[in-house]
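Trainee: Got a sequence here, can you model it:
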Amino acid sequence: MLTEQDFTEQDFTEQELQEALADAADDPAVEKFMLGLSDRALAEAGRGPRWRRPMPGRRSRWVPGIAVGTMFAVAATVGVVALDGPDGSGDGAPGSLRAPGALGNPLGQEAVTAFAAQCFGGHGPQLDHAYVWDPATQRYHGLEGTALTSFYPSPDGKQALVEVGEVDVTQSWAAGSWSDAVAGRVTPHAITGVSGVHWTADGKEIVSDLTWQTVENTGGVALKTKTADFYDPASGRLLASVPLPQEVLNRVASGKWSIQQFEGDHDAVLFPMLRADGNELDYLNAQGVTVRTLTLQEGEPANNGIPSARTETGEISPDGRYLMEMDGTVLAVFDLQAGGKRIEWADVTGHLSTGWIGDHQIATVVDKNEQLSGSRGEPFPLTGHSAVYSVLTPDLNVVQETTFLLPADPNGTCTTWPLSWAPVGQFPGAFVP
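Mentor: Numbering: from 1, shown residues only. Modelled structure (predicted):
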């Protein structure tokens with residue numbers, strides 16, 4: 001049973017926060033979180049993909065443990081920021097948390113709009129399972145209850161998509177203004193048989209996620225999704241249910257291709273397919289015809305040659321120049337303006353999150369102690385789990401790292417990982433790495 005420790009309600013000025021951060025840097029209780037931040041690139045890659053985190057999210061949570069295979073120049077600004085001043089929710093868990101005071105010059109181009117929390121070993125503060133940024137109060141609001149709830153901002157930051165469900169199964173979704181969503185003033189729409197939904201790129205529709213199921217006799221995973229379902233955000237009405245083309249299903253069944261998340265809207269849906277050797281990304285239309293092909297040089301094979309539709313992914317940067325390819329053990333970045341040339345790669349290990357947070361920025365989030373357990377039979381460590389946010393360039397150079405501390409948890413018995421991000425201008429005050 002988790003216990004509440006040292007919660008106090010107080011308000012801090014910006015100057016007081018800066019002084020608190022300066023004190024934290026000299027505090028032996030948090031000094032260990034600053035040690036070795038710049039040489040984390042040399043950490044040994046010990047494990048492959050992990051799917052233990054019981055929270056839905058748009059970012060893959062297995063992600064890179066920055067152990068780079070070629071040259072890896074680190075000239076990072078490092079620091080520690082701390083959540084502070086929780087308000088009680090009446091059940092022992094903090095109902096809201098102030099955003100960490102940012103570093104003097106945070107470099108991240110996006111802010112964390114929602115994050116999940118998990119504590120280990122029955123120690124540390126009692127926390128809600130997730131927190132969402134409330135612009136009105138300038139605090140992270142705790143999401144109470146046992147259901148897994150996630151918030152995702154629309155591309156313009158004005159609307160929120162709220163998912164409620166269980167592990168890998170969404171039971172309902174709702175959309176409305178961000179303030180209404182935070183206050184619970186949105187109408188849920190029941191949904192079955194899918195792992196989740198997300199905004200289309202233009203923010204005008206909601207579309208179902210790819211869903212996988214376990215194959216009983218092999219323990220592997222197989223594609224469960226047969227249609228791409230599009231909904232109207234305002235009414236929840238089903239706009240279209242587009243069947244996956246037979247060519248897409250054939251490629252998935254062959255084991256030589258992995259399907260990526262649907263793109264476009266219900267009138268012009270695209271089905272991206274990443275070849276298992278990592279050297280080609282095809283876009284197929286609703287008729288199964290290839291309408292675009294991206295060729296990559298020295299692509300990363302899926303799980304070292306073992307195709308896996310669930311861990312091999314490709315994500316294009318917002319400006320369309322770079323493609324980031326991840327296979328569960330390796331992260332690689334390719335320059336699409338240079339013929340798909342691979343510009344850098346990194347071994348990956350037990351990280352929590354990765355993704356583009358700007359045209360030329362990648363953010364990774366790591367629980368550095370999670371990667372230390374399991375590979376050599378060591379017991380799972382119960383401390384040192386405070387999340388470390390790293391901002392990387394496309395060539396995987398770390399330019400800034402920030403340790404994200406939770407209240408009353410200087411030893412890091414809890415970890416967090418981001419559920420959603422938004423450009424900094426849309427949610428001023430939220431945490432920026």
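
Trainee: use CA for all of it now, contacts and neighbours both
Mentor: OK.

Trainee: per-residue confidence averaged over the helix or strand harbouring Phe271?
Mentor: Phe271 is part of strand 271-275 when elements are defined by DSSP states H and E. Averaged over strand 271-275, pLDDT sits at 93.

Trainee: If you count neighbours, what's buried in that strand?
Mentor: Phe271, Pro272, Met273, Leu274, Arg275 (16 or more other CA atoms under 10 Å).

Trainee: now, among those, which is nearest to Lys368?
Mentor: Leu274 (29.9 Å; CA to CA).

Trainee: List the buried residues for stretch 260-268?
Mentor: By neighbour count on 16+ other CA under 10 Å, the buried set for stretch 260-268 is Gln260, Gln261, Phe262, Glu263, Asp265, His266.

Trainee: The third one against Pro272, yeah?
Mentor: So the one you mean is Phe262. Yes: between Phe262 and Pro272 there is a contact at 6.8 Å, judged by CA atoms under 8 Å.

Trainee: can you count the residues close to the closest residue to Met273 other than its chain neighbours?
Mentor: Spatial nearest neighbour of Met273, chain neighbours left out: Ile259 (4.6 Å); criterion: CA to CA, 6 or more residues apart in numbering. Neighbour count for Ile259, taken as other CA atoms under 10 Å: 25.

Trainee: who's in contact with Ile259?
Mentor: Counting by CA atoms under 8 Å, 6 or more residues apart in numbering, Ile259 makes contact with Val248, Val252, Phe271, Pro272, Met273, Leu274, Ala309.

Trainee: what's it sitting at in phi/psi?
Mentor: Reported as degrees, to the nearest 10, the phi and psi values for Ile259 are phi -80, psi 140.

Trainee: That one and Ser235: what is the separation?
Mentor: 29 Å (CA to CA, to the nearest Å).

Trainee: One more: Ser154?
Mentor: Remark: distance between Ser154 and Ser235 (CA to CA) = 16 Å.

Trainee: residues in contact with Val388?
Mentor: By CA under 8 Å, 6+ apart, the neighbours of Val388 are Val365, Val366, Asp367, Lys368, Glu401, Thr402, Thr403, Phe404.

Trainee: Return the member of these nearest to Leu419.
Mentor: Comparing the contacts of Val388 against Leu419 with CA to CA places Val365 closest, at 11.2 Å.

Trainee: Contacts only, for Val391.
Mentor: Contacts of Val391 by CA under 8 Å, 6+ apart are Leu107, Gly108, Gln361, Ile362, Ala363, Thr364, Val398, Val399, Gln400, Glu401, Pro433.

Trainee: Redo those as JSON lines? Include distance to Leu382 and pLDDT.
Mentor: JSON lines is the format used below for the contacts of Val391 (distance: CA to CA, whole Å; pLDDT from 0 to 100):
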{"residue": "Leu107", "distance to Leu382": "31", "pLDDT": "85"}
{"residue": "Gly108", "distance to Leu382": "29", "pLDDT": "90"}
{"residue": "Gln361", "distance to Leu382": "32", "pLDDT": "94"}
{"residue": "Ile362", "distance to Leu382": "29", "pLDDT": "92"}
{"residue": "Ala363", "distance to Leu382": "25", "pLDDT": "90"}
{"residue": "Thr364", "distance to Leu382": "22", "pLDDT": "84"}
{"residue": "Val398", "distance to Leu382": "27", "pLDDT": "87"}
{"residue": "Val399", "distance to Leu382": "29", "pLDDT": "87"}
{"residue": "Gln400", "distance to Leu382": "26", "pLDDT": "87"}
{"residue": "Glu401", "distance to Leu382": "22", "pLDDT": "85"}
{"residue": "Pro433", "distance to Leu382": "25", "pLDDT": "86"}
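
Trainee: Among those residues, which lie within helices?
Mentor: Here DSSP state H is the test, and these give no hits in helices at all.

Trainee: Sitting in strands, which of those residues do you find?
Mentor: Gln361, Ile362, Ala363, Thr364, Val398, Val399, Gln400, Glu401 (DSSP state E).

Trainee: Which of the residues you listed are buried? Put it as a PyMOL command.
Mentor: With 16+ other CA under 10 Å as the criterion, this PyMOL line picks the buried residues out of the ones in strands among the contacts of Val391:
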select buried, resi 361+362+363+364+398+399+400+401
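
Trainee: Who are the contact partners of Pro153?
Mentor: Each residue near Pro153 by CA under 8 Å, 6+ apart is listed here: Thr113, Gln159, Ala160, Leu161, Trp178, Ser420, Trp421, Ala422.

Trainee: actually Val186, not the one I wrote
Mentor: Val186 touches Ala174, Ala175, Gly176, Asp180, counting by CA under 8 Å, 6+ apart.

Trainee: Apply 10 Å and report the result again.
Mentor: Ala160, Leu161, Val162, Trp173, Ala174, Ala175, Gly176, Ser177, Trp178, Ser179, Asp180, Ala234 (CA atoms under 10 Å, 6 or more residues apart in numbering).

Trainee: same deal with Ser177?
Mentor: Pro153, Ser154, Gly157, Lys158, Gln159, Ala160, Leu161, Ala183, Arg185, Val186 are the contacts of Ser177 under CA under 10 Å, 6+ apart.

Trainee: One more pass at 6 Å, please.
Mentor: Lys158, Gln159, Ala160 (CA atoms under 6 Å, 6 or more residues apart in numbering).

Trainee: Filter these down to the ones in strands?
Mentor: Using DSSP E, the members of the contacts of Ser177 that fall in strands are Gln159, Ala160.

Trainee: Now a ChimeraX select for only the buried ones of the contacts of Ser177.
Mentor: To isolate the buried ones among the contacts of Ser177 in ChimeraX, judged by 16+ other CA under 10 Å, type:
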select :159,160
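
Trainee: What are the contacting residues of the helix or strand that the strand holding Phe271 is followed by?
Mentor: Counting by DSSP H and E, the next helix or strand C-terminal to strand 271-275 is strand 280-284. Residues outside strand 280-284 that contact it (CA under 6 Å, 6+ apart): Leu270, Phe271, Pro272, Met273, Leu274, Thr290, Val291, Arg292, Thr293, Leu294, Thr295, Leu296.

Trainee: Break down the stretch 101-250 of the chain into its strands, ranges please.
Mentor: Here the stretch 101-250 of the chain has its strands, by DSSP state E, counting those that start in this stretch, at 110-119, 130-134, 139-142, 148-153, 159-166, 169-177, 189-190, 197-199, 206-208, 212-214, 221-223, 227-231, 238-243.
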